[in-house]
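Student: Predicted model and sequence below, questions to follow.
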Amino acid sequence: MEKVESTQVFPSLITKTLKALYSGIIDMVYPPLCLICDNRLEQAEIELCNSCLNNFKLIGKPHEQFSVPGDIFISTAWALFEFDEPFQQLIHHLKYSRRRKPIGVVLDHYKSQILDQFPGGEIDYVVSVPLHPRKLRERGYNQVDDMSRWFAGKLNAELGNYLVKRHKYTSTQTQLNAEERMENVREAFGVNDSSVLQGKHVLLVDDVLTTGATSNALAEILVQNGAAKIDLVTLSTPQFGNA
């Protein structure tokens, strides 16, 4: 019996040693660099240096303005961090460079300050603003899914991403004004199961709040399907002064 265990352990030790050696060689040739400042990292898996992580500016209060015309179906919105150049770089990496780990790193680092802003025990579902299946295939992931899982766990709410769908493929909103954005996402969303939404408090999650057109369109559909209250949290907003 002892001989069998030793033969099982020995290959495992060899594998771990080889992996460590390979990782060390890769780090020497291609040293891990911070996504923001390009300084060398001590921990490659974090992808952000302590200096950049500590310098992100947490806003610490609800967002108060939507540029989208018409009725607003969102009760309270939070844009967590100031939309300065370093944070814009981070969001770009999250959206387009397949860099998902930094979301958890940033949220964990500012956990207490973030959660102090949210009503404890009141949120029933946390829901990511969904991507259209075609865009999801093109990108390979929804960059806010990890963020929604983080909030669901910390707020003791149910992850409700399965409740909504995006059945209209929309062009990029980057160059559109508020009215064009609203028209672009009109009837873009649907609900998979309205029965569980009756009277529920839903927290929507997205990466950037620009005019609020996308999140408000989804909020409208949720309210029409029985949700009692919709809040929104995003990483940041380019709206001046967050007011």
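Tutor: Thanks, I have it.
Student: can you pull out the strands in this protein?
Tutor: Taking DSSP state E as the criterion, the chain contains strands spanning 76-82, 125-128, 158-159, 164-166, 189-191, 201-208, 229-237.
Student: could I get those as CSV with distance to Ile103 and mean pLDDT?
Tutor: Bear in mind the C-beta positions are built from the backbone N, C-alpha and C, glycine included. Converted to CSV, those look like this (distance: least, C-beta to C-beta, whole Å; pLDDT from 0 to 100):
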stretch, distance to Ile103, mean pLDDT
strand 76-82, 11, 95
strand 125-128, 12, 98
strand 158-159, 15, 98
strand 164-166, 20, 92
strand 189-191, 23, 91
strand 201-208, 9, 96
strand 229-237, 8, 96
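Student: any chance of these in a markdown table, with distance to His63 and mean neighbour count too?
Tutor: As requested, these are exported to a markdown table (distance: least, C-beta to C-beta, whole Å; neighbours: other C-beta atoms under 10 Å):
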| stretch | distance to His63 | mean neighbour count |
| --- | --- | --- |
| strand 76-82 | 4 | 21 |
| strand 125-128 | 18 | 25 |
| strand 158-159 | 23 | 16 |
| strand 164-166 | 21 | 20 |
| strand 189-191 | 21 | 18 |
| strand 201-208 | 12 | 22 |
| strand 229-237 | 6 | 24 |
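Student: which one of these lies closest to Lys135?
Tutor: Lys135 lies closest to strand 164-166 among those, at 8.1 Å (C-beta to C-beta).
Student: Which strands border the closest one, and is each parallel or antiparallel?
Tutor: Strand pairing for strand 164-166, using DSSP bridges, gives strand 189-191 (antiparallel).
Student: that older thread, rebuild the strands of the chain as CSV, extending it with distance to Cys52.
Tutor: What follows is these, written out as CSV (distance: least, C-beta to C-beta, whole Å):
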stretch, distance to Cys52
strand 76-82, 12
strand 125-128, 25
strand 158-159, 29
strand 164-166, 32
strand 189-191, 35
strand 201-208, 18
strand 229-237, 15
